[in-house]
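[1] coords below, sequence missing:
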DNA sequence: GAAGATATCGCAACTCCCTGCAATAGCGCC
DNA sequence: GGCGCTATTGCAGGGAGTTGCGATATCTTC
């Protein structure tokens, strides 16, 4: 297991909780929430404290095994780092989420690098705004 | 007072709490937080419930009097709508915030409109990433 | 295989924000 | 000016996420 080695290399330890969380992440199709993970583990009979889950997701993010993104609500979404990265458009009126390929966002990232030396992660937070349908409804 | 009229026109009422919050916003230099407002009013001897502040900020946002943005922490920042709008770059390593003019973000907004019919508000959420200094430090 | 160092866990408490509900207070109208 | 309608308030409670701390478990070393 690669992650296990990476962990130990940094003086970390492989605990049962960590293993279970890793397992839940591996099983997750797309993105998960901390609550999803807790619920899933609870269903299997393991009761793991929420703070343990949050702390472990942070550690796993440090190891580059997962990343997180924020849509326009207050729930953090977690993804395995091996999934293909993409941006999100979230409609503030109807809540619709649209995925957009990173390619569409890259020109801005390039510009921000050139002008500000800033390595932007445009997949980290959703872009909020108003989707086509809602715009039509509003203006009518 | 324009806002007061806009409020009443929609069947709203001008309460003492509303007036105080409006006053605090007028006094705020740049951006404020709900907590700032509560603290400021408390200092003047007015104790207003936090939920009242949140609800009022929401109402005022509906009237177009204020807007809010999310930097990369969990605290919502509120601005008067008459302030000039700008984007934010937030470094996930050192926390540094850089303001960027909307002009720098507009090409992406235009692209998202053309391709997805999505009216993006690129000032709503900060762009997170790694600033120049931190990038230099990391790679050394 | 046991011991020691310390990373990690669970718990409790806290922060920011949101929501339901009963009580209150603005507003429009007579 | 008083009355009734109902928007708004404060309070209590809840959800997501974070933090400090003492107890525990994992890893390293002998």
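    Arrived safely, thanks for sending. This structure is a prediction, so every number in the text was calculated from the model and none was measured.
[2] any residue of the helix or strand hosting residue A:105 up close to chain B?
    Secondary-structure assignment from DSSP states H and E places residue A:105 in helix A:102-116. Yes. Using CB under 8 Å from any CB of the partner chain, helix A:102-116 comes into contact with chain B via A:104-105, A:107-108, A:111-112, A:115-116. (Glycine included, C-beta is placed from N, CA and C.)
[3] per-domain residue ranges of chain A.
    Split into domains by automatic domain parsing, chain A comes to A:2-80, A:86-139.
[4] Format those domains as TSV; extra columns: mean neighbour count and distance to residue B:8.
    Output for those, formatted as TSV (neighbours: other CB atoms under 10 Å in any protein chain shown; distance: least, CB to CB, whole Å):
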stretch	mean neighbour count	distance to residue B:8
domain A:2-80	15	30
domain A:86-139	17	23
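[5] Tabulate these in TSV, adding columns for mean pLDDT.
    Output for the domains of chain A, formatted as TSV (pLDDT from 0 to 100):
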stretch	mean pLDDT
domain A:2-80	95
domain A:86-139	94
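[6] can I get those in CSV with distance to residue B:82?
    Formatted as CSV, the domains of chain A follow (distance: least, CB to CB, whole Å):
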stretch, distance to residue B:82
domain A:2-80, 24
domain A:86-139, 21
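[7] For residue B:7, which of the ones you listed is the nearest?
    Nearest to residue B:7 among the domains of chain A is domain A:86-139; the distance by CB to CB comes to 20.5 Å.
[8] re earlier: after the helix holding residue A:105 comes which helix or strand?
    That would be, after helix A:102-116 and using DSSP H and E, strand A:119-120.
[9] tell me how far whichever helix or strand comes after that next one is from the chain's mean position?
    For strand A:119-120, the succeeding helix or strand toward the C-terminus, using DSSP H and E, is strand A:127-130. Averaging C-alpha positions (CA atoms, centre = their mean, to the nearest Å) puts strand A:127-130 18 Å from its chain's average.
[10] List the pairing partners of strand A:127-130 within its sheet, with orientation.
    Applying DSSP bridges to the sheet, strand A:127-130 is found paired with strand A:86-91 (parallel), strand B:119-120 (antiparallel).
[11] The longest one near DNA strand D anywhere?
    Right, the one you point to is strand A:86-91. No. Using CB under 7 Å from any atom of the strand, strand A:86-91 stays clear of DNA strand D, coming no nearer than 15.0 Å.
[12] could the strands paired with strand A:127-130 go into CSV alongside distance to residue B:12?
    Shown next, in CSV, are the strands paired with strand A:127-130 (distance: least, CB to CB, whole Å):
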stretch, distance to residue B:12
strand A:86-91, 25
strand B:119-120, 26
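[13] nearest to residue B:9, of these?
    Of the strands paired with strand A:127-130, nearest to residue B:9 by CB to CB is strand B:119-120, at 25.1 Å.
[14] Can you tell me what sits against that closest one?
    Contact with strand B:119-120 is made by A:89, A:127-131, A:135, B:108-109, B:112-113, as judged by CB atoms under 8 Å, 6 or more residues apart in numbering or on different chains.
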